[in-house]
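**Q** how would this look folded up:
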Amino acid sequence: MAIRKILTQGDPVLNKICHPVTKFDDKLADLLDDLRETLDNAKGVGLAAPQVGILRRAVIVVPDPETEEMIELVNPEIVAQEGEEDGWEGCLSLPGMWGRVKRPKWVKVRAQDRQGNWFETEGAELAARCFCHELDHLDGHMYDEHTDRLYTSEEVDAMMTEEESESHKGRRRRR
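**A** Okay, here's the model as predicted:
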């Protein structure tokens, strides 16, 4: 296993459509292992193969950061979705930047595992957002295409502090 370099916005690889995985071999296993190690090292919640320069339809997602379980998705596709929610997104390929993005509230994904076996998984809220975000990478898209504005980490922190302050004021008034 190896930690790979994560490409950042501006690298043309990030705008290309990935090829389906057709060989479920040691090379794919090595890629998935490297994606896991790279994601763990970067402390992210998802990583797609094109983000490390490999144009194959493979991603790793951490649907629940509390458990830190990583799910490998090869040739994934969203087969069902429901609802909509607006939330913050960041990306390892756009470090230090955040945007508000509308995504489905729940999705079901069909994918293959590293041996080529088909399975389905589903997720709501953060998990749904992660699935959608990573699958976008496979088609050459990044979340900044879905937001009106990018914010720095400092701006997001300030907005969240202000929202918390407003929330506390509202609670005090209701008592």
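
**Q** List the buried residues of the longest strand anywhere in the chain.
**A** Looking across the chain with DSSP state E, the single longest strand is strand 71-82. Residues of strand 71-82 classed as buried by neighbour count (16 or more other C-beta atoms under 10 Å): 71-76, 78, 81. Bear in mind the C-beta positions are built from the backbone N, C-alpha and C, glycine included.

**Q** Which strands or helices does that strand pack on?
**A** With contacts defined as 3 or more C-beta pairs under 8 Å, 6 or more residues apart in numbering; DSSP states H and E, the secondary structure elements packing on strand 71-82 are helix 26-42, strand 58-61, strand 106-112, strand 118-124, helix 126-138.

**Q** Quick one, which of these gets closest to Ala48.
**A** Comparison of the helices and strands packed on strand 71-82 against Ala48 by C-beta to C-beta identifies helix 126-138 as nearest, at 3.6 Å.

**Q** helices or strands up against the helix or strand following the closest one?
**A** Next in sequence after helix 126-138, counting helices and strands by DSSP states H and E, comes strand 151-152. Contact partners of strand 151-152 among helices and strands, from 3+ C-beta pairs under 8 Å, 6+ apart: strand 94-103.

**Q** quick one: contacts of the strand it packs on?
**A** Strand 94-103 is contacted from outside by 8-9, 84-91, 128-129, 132-133, 142-144, 146-153, 155-156, using C-beta atoms under 8 Å, 6 or more residues apart in numbering.

**Q** next one: stretch 23-42
**A** 1-4, 6, 21, 46-47, 49, 52, 54, 56, 58-60, 62, 70, 72, 74, 92, 112, 114-116.

**Q** Equivalent analysis for stretch 55-68, please.
**A** Stretch 55-68 has contacts (C-beta under 8 Å, 6+ apart) with 13, 16-21, 28, 31-32, 35-36, 39, 44-49, 69-76, 121, 123, 126-127, 130-131, 134-135, 137-138.

**Q** Report how far apart the opening and closing residues of that stretch are.
**A** One end of stretch 55-68 sits 26 Å from the other (C-alpha to C-alpha, to the nearest Å).

**Q** in that stretch, what's buried?
**A** Burial within stretch 55-68, assessed by neighbour count using 16+ other C-beta under 10 Å, is assigned to 56-63.
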